[in-house]
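1. Build the 3D model from these lines:
(one chain, ligands or ions: 1)
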Amino acid sequence: MGMDSDIKLIDENGLRLDGRKFDELREIKIEAGVLQRADGSAYLTWGENKVMAAVYGPRELHPRHAQNPSKAVVQARYNMAAFSVSDRKRPGPDRRSVEISKLISEALEEIVFVEQFPRAAVDVFIEVLEASAGTRCAALTAASVALADAGIPMSDMIASCAAGKIDGHVVLDLGQKEDNFGEADVPLAIVPRTDKVTLLQMDGDLTTEEFDKAMELAVGACKEIYEIQRDALKRRYSTSLEGYEDFEEDE
Ligand code: CDP
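-> Residues are numbered from 1 along each chain as shown. Sure thing, here's the model as predicted:
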């Protein structure tokens, strides 16, 4: 962000490096229930990002001293695979992944009915298999679907998307080069039905006017993403029903 560079991020037709318009998302696809052993799971591709989320629980939290006697603890672990970025990423937690894990945990605690499960843990494992900017938003979006797929009592899903500024223009959903050479990146997460903000960060500088514009774009995108999330769950649900009907016919 803010790196000095001659790279032009918007062409004379007002299009971005990958041909997108200012307010255009990269393509997002989500599939729920892709892992057999997890209680819930989701696989998400978002542009060139590839993210797997697996949910376990609610289950007894170990070590016991970490338990909360009045509610469940949501423990998200965001991890980038060593092969997920162009330079090999050193395996294991680093400052960045610890920070992202913490903010995803805090966001998800807002939607899970944690009071129903004292002393329990809800574990959310997020593996970034390929990274191309916007992985925290992709991770939170996938994690929400995996939680719903696990049937964990929750008020709603969280949808997340960033907006930012490149070449002096406010745009939606920065790609890798836009993230590297742009002027600002503002990841946002909301509960789309209530418009409650569960994550907001800002890297770089914006005027208040630009910030408002960025929020307008990101909120609109979150609502679009929410429909993709719901669609993933609907498809998952209708497939299992079909399977059940087949099973009954065989009887
Ligand atoms: O991924 P997100 O935009 O949420 O977080 P970031 O810290 O702004 O990182 C932006 C992008 O930089 C990531 O999505 C990766 O593609 C890349 N990155 C990398 O190449 N190596 C790292 N160790 C961390 C990030």
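
2. Next to the ligand, which bits of the chain? Give me the list.
-> 85, 89, 96, 131, 132, 133, 134, 135, 136, 176, 179 (Cβ under 6 Å from any ligand atom). Bear in mind the C-beta positions are built from the backbone N, C-alpha and C, glycine included.

3. Surely the fourth one touches residue 47?
-> No - with contact defined as Cβ atoms under 8 Å, residue 131 and residue 47 do not form a contacting pair (10.4 Å).

4. which helices and strands does the helix or strand hosting residue 53 pack with?
-> Per DSSP states H and E, residue 53 falls inside strand 49-60. Contacts defined by 3 or more Cβ pairs under 8 Å, 6 or more residues apart in numbering; DSSP states H and E place strand 49-60 against strand 40-46, strand 120-130, helix 135-149.

5. Pull out the buried residues from the first one.
-> Within strand 40-46, the residues that count as buried by 16 or more other Cβ atoms under 10 Å are 40, 41, 42, 43, 44, 45, 46.

6. who's the first one bridged to?
-> Per DSSP bridges, the residues bridged to residue 40 are residue 55.

7. Begin at 637, not 1, for the rest of this chat.
-> In the new numbering, first residue 637, that becomes residue 676.

8. Report pLDDT for it.
-> pLDDT, residue 676: 98.

9. Quick check, it in contact with residue 669.
-> Yes - with contact defined as Cβ under 8 Å, residue 676 counts as touching residue 669 (7.3 Å).

10. What is the neighbour count of residue 729?
-> By other Cβ atoms under 10 Å, 12 other residues sit near residue 729.

11. mind listing what it touches?
-> If you count contacts by Cβ atoms under 8 Å, 6 or more residues apart in numbering, residue 729 has them with 715, 737.

12. any idea how far residue 751 is from it?
-> Distance of residue 729 to residue 751, given as Cβ to Cβ, to the nearest Å: 29 Å.

13. ditto for residue 695
-> Distance from residue 695 to residue 751, by Cβ to Cβ: 17 Å.

14. Pick out whichever of those two has more residues nearby.
-> Neighbour count, other Cβ under 10 Å: between residue 695 and residue 751, residue 695 has more, with 13 against 10.

15. Tell me the confidence at that one?
-> Reported pLDDT for residue 695: 97.

16. re earlier: what would the residues of the chain next to the ligand look like in TSV with pLDDT, neighbour count and distance to residue 836?
-> As requested, the residues of the chain next to the ligand are exported to TSV (pLDDT from 0 to 100; neighbours: other Cβ atoms under 10 Å; distance: Cβ to Cβ, whole Å):
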residue	pLDDT	neighbour count	distance to residue 836
721	95	15	25
725	92	18	26
732	97	12	18
767	98	20	21
768	98	20	22
769	98	24	17
770	98	27	15
771	98	24	17
772	98	25	12
812	98	18	22
815	97	19	17
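
17. Can you tell me which of the buried residues of strand 676-682 lies closest to the ligand?
-> The shortest approach to the ligand among these belongs to residue 682, at 10.2 Å (Cβ to the nearest ligand atom).

18. Hmm, that closest one is touching residue 765, no?
-> No - the pair residue 682 / residue 765 is not scored as a contact, 11.8 Å apart, by Cβ under 8 Å.

19. ok but residue 870 is inside a helix, no?
-> Yes - according to DSSP: H, G, I helix; E, B strand; the rest coil, residue 870 belongs to a helix.

20. Just give me the neighbour total for it.
-> 11.
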